[in-house]
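**Q** kindly return the folded structure for what I paste below:
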Amino acid sequence: EPTTERVSDGYRWGQLVIGVICMVMIANLQYGWTFFVPDIQKKFGFDRAAIQWAFTLFVLFETWLVPVEGWFVDKYGPRVVVLFGGLLCGIGWVINSYAASLNMFYLGQVVAGIGAGAVYGTCVGSALKWFPDKRGLAAGIIAAGFGAGSALTVAPIQWMIADHGFQAAFFNFGIGQGLVVCALAFFFTSPKKGQVPEVVANANIIQTRRNYTPGEVARQPIFWLMYFMFVIVGAGGLMITANLKPIASDIGVDKVPVTIMGITMVAITFAATIDRVLNGLTRPFFGWVSDKIGRENTMFIAFAMEGFGIYMLYLWGHDPLWFVLLSGFVFFAWGEIYSLFPSTCTDTFGTKFAATNAGLLYTAKGTAALLVPVANYLQQSTGSWDGVFLVAAGANVLASLLAIAVLKPWR
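**A** Predicted coordinates:
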């Protein structure tokens, strides 16, 4: 293919900004769900565990189809895929707004999941392709849009549910978010050969010059090591995301007011807000660190912090102030998996099939989501969260050791 001229950095950052706005628009589909559950339960009297299967279905369809959507991006470009995703995101929540049975909610969440995955996969793939020179940072900024983007809409969504009912909130936010994504789809482009800097030469960042196809990637043992690490770290974080409120109420801290730096809120609201913000900030921060000191060294530090944080939450979580601070620390040490793993994957397997290959690795989040109910069964059988905390802490320590002792020498 003919080599074109380098594009300006401004153009590349423009592409990143479009991606971030799209990520903010789909963040609610995952992070806003928890606010709808009590009202759905109240209106229809469904069992809470049965309602939460809709969330699991959402995560599964959001993650496991990303390689397929990534393949479409790599073959046909990003516009069509984002347009398709935006439409489905809107339709999914409109279905939720009319749903009167569990199966309708399941359908709505599946449709929304396919849409969110299409947008998510395209935005991450786009960042990885446009920024070979700052790959960790770029993947982190995109992932931050998804993690922290929902912090902006926590209040508006709760306000609309309270004032107009959850069905109006599903309908209005669904249509609004979907339209923004569809409008932005037309501005997406993929870099042509020569438009971006060459693969960066840095002693700490090992980057391949060869482009592996998805079929080759699936046969590499190193891919499965990364997949296993993603699952065991991802499961701990998703378990706490899904159960933050139940954990807080079981240990009796959810309604206790906490004051930090002159701001007072009840512990659960404070924790949820801080967690979203830190879960967003950590992604560009650790991505940037990994561009400097290398991916595996950064994984070792972050996963070890996570193991320590979860263990401290097990020891001190019954104190409301420590619950808020430590849950923030845990989310800060967890969220970076969404920038470190995609950038490591592209470093290892090349950019040509970046969207598909990073998508294959991202399915680990779906696998991790299937472990979330296991945590609930473990808690029910023992009557306490202690076992869950200790298993999650141990899994993180294992992953941090694998990063430095196995992944690094292998690469």
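**Q** state the mean pLDDT of the strand or helix carrying residue 180.
**A** Using DSSP states H and E, residue 180 maps to helix 166-185. For helix 166-185, the mean pLDDT works out to 97.
**Q** stretch 36-55 now?
**A** For stretch 36-55, the per-residue pLDDT averages 85.
**Q** and residue 26, what is it in contact with?
**A** Neighbour list for residue 26: 85, 89, 115-116, 119-120, 146, 177, 181 [criterion: CB atoms under 8 Å, 6 or more residues apart in numbering]. C-betas here are computed from N, CA, C, even on glycine.
**Q** in the helix holding residue 180, which residues are buried?
**A** Under the neighbour-count criterion of 16 or more other CB atoms under 10 Å, helix 166-185 has 166-167, 169-175, 177-178, 180-182, 184-185 buried.
**Q** which of the contacts of residue 26 fall within helices?
**A** With helices defined by DSSP state H, the entries of these inside them are 85, 89, 115-116, 119-120, 146, 177, 181.
**Q** and the residue lying closest to residue 325 once chain neighbours are set aside, how many neighbours does it have?
**A** With sequence-adjacent residues excluded and distances taken as CB to CB, 6 or more residues apart in numbering, residue 325 is closest to residue 260, at 7.7 Å. Neighbours of residue 260 under the rule other CB atoms under 10 Å: 13.
**Q** my guess is residue 260 contacts residue 270. True?
**A** Yes - checked against CB atoms under 8 Å, the pair residue 260 and residue 270 is within contact range at 7.2 Å.
**Q** now for those two: what residues contact both?
**A** Joint contacts of residue 260 and residue 270 (CB under 8 Å, 6+ apart) are residue 324.
**Q** quick one: residue 378 from residue 372, how far?
**A** Using CB to CB, to the nearest Å, one gets 11 Å for the distance from residue 378 to residue 372.
**Q** no no, residue 4
**A** Relative to residue 372, and taking CB to CB, residue 4 is found at 46 Å.
**Q** looking at those two, which is more packed in?
**A** In terms of neighbours (other CB under 10 Å), residue 372 is the more surrounded of residue 4 and residue 372; the figures are 20 against 11.
**Q** now the helix or strand the more buried one falls within: buried residues?
**A** If you go by DSSP H and E, residue 372 is part of helix 354-382. Of all the residues in helix 354-382, those buried under the rule 16+ other CB under 10 Å are 354-369, 371-372, 375-376, 378-379.
**Q** tell me the one of the buried residues of helix 166-185 nearest residue 96?
**A** residue 170 (4.4 Å; CB to CB).
**Q** what's the closest non-adjacent residue to the closest one?
**A** Closest to residue 170 by CB to CB, 6+ apart is residue 97, at 3.8 Å.
**Q** how many neighbours does residue 132 have?
**A** Neighbour tally, residue 132, other CB under 10 Å: 19.
**Q** what does it show for phi and psi?
**A** Backbone torsions of residue 132, given as degrees, to the nearest 10, read phi -60, psi -20.
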